[in-house]
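**Q** Provided below are the primary sequence and the corresponding predicted coordinates.
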Amino acid sequence: MVPTLRVLSQLGLKLGIISNWDRRLGPLLGLLGLREFFNAVIISCYAGETKPSKLIYEKAVKRLGVPHESILHVGDSLEADVEGARKAGLQSVWLRRGKSKTGIDQISSLLQIEGLLCRVRD
């Protein structure tokens, strides 16, 4: 994960997290040395909304300050992440870790994100 985050950050991309977790996430990201990579961390317990609500995605878009169409959301839940993000007007791919076969709009590793960037930037 860290190599991918590093590459995406070096490309000048704004990165964010939208999580249906609790207040422990912020400190945990700090302890793991991951917080520095993210421009926005939206946690459901603070946002007052959970995925797949369109509103939690809207909060992330606002915090990142970029157009909806330039955002690629990556998530491991088809309903909460992929469908929720798409309902909010974002592009989205389904992260299916360890699956040998993935289809369109699906990846099996975060390492594949870099290859998807041309889709978002065009």
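**A** Looks like it came in fine. Predicted model only: the values in this text are computed from it and were never measured.

**Q** am I right that residue 18 sits in a strand?
**A** Yes: Residue 18 forms part of a strand when assessed by DSSP: H, G, I helix; E, B strand; the rest coil.

**Q** show me what it is bridged to.
**A** Taking DSSP bridges as the rule, residue 18 bridges to residue 42.

**Q** does it really touch residue 57, like I thought?
**A** Yes: counting by Cβ atoms under 8 Å, residue 57 is a contact partner of residue 18 at 6.6 Å. To be clear about C-beta, it is placed using only N, CA and C from the backbone, and glycine gets the same treatment.

**Q** which neighbours do the two share?
**A** Counting by Cβ atoms under 8 Å, 6 or more residues apart in numbering, the contacts common to residue 18 and residue 57 are 51, 73.

**Q** where in this structure is pLDDT low?
**A** Scanning the chain for pLDDT under 70 picks out 102, 118-122.

**Q** helices of that one, start to end?
**A** All helices of the chain, identified by DSSP state H, fall at 2-10, 25-31, 44-47, 54-64, 84-87, 113-121.

**Q** out of the ones you listed, which one sits most buried?
**A** Of all the helices of the chain, helix 84-87 has the most neighbours on average by mean count of other Cβ atoms under 10 Å, namely a mean of 20.

**Q** give me the contacts around that helix.
**A** For helix 84-87, the external contacting residues (Cβ under 8 Å, 6+ apart) are 51-54, 56-57, 73, 75, 91-92.
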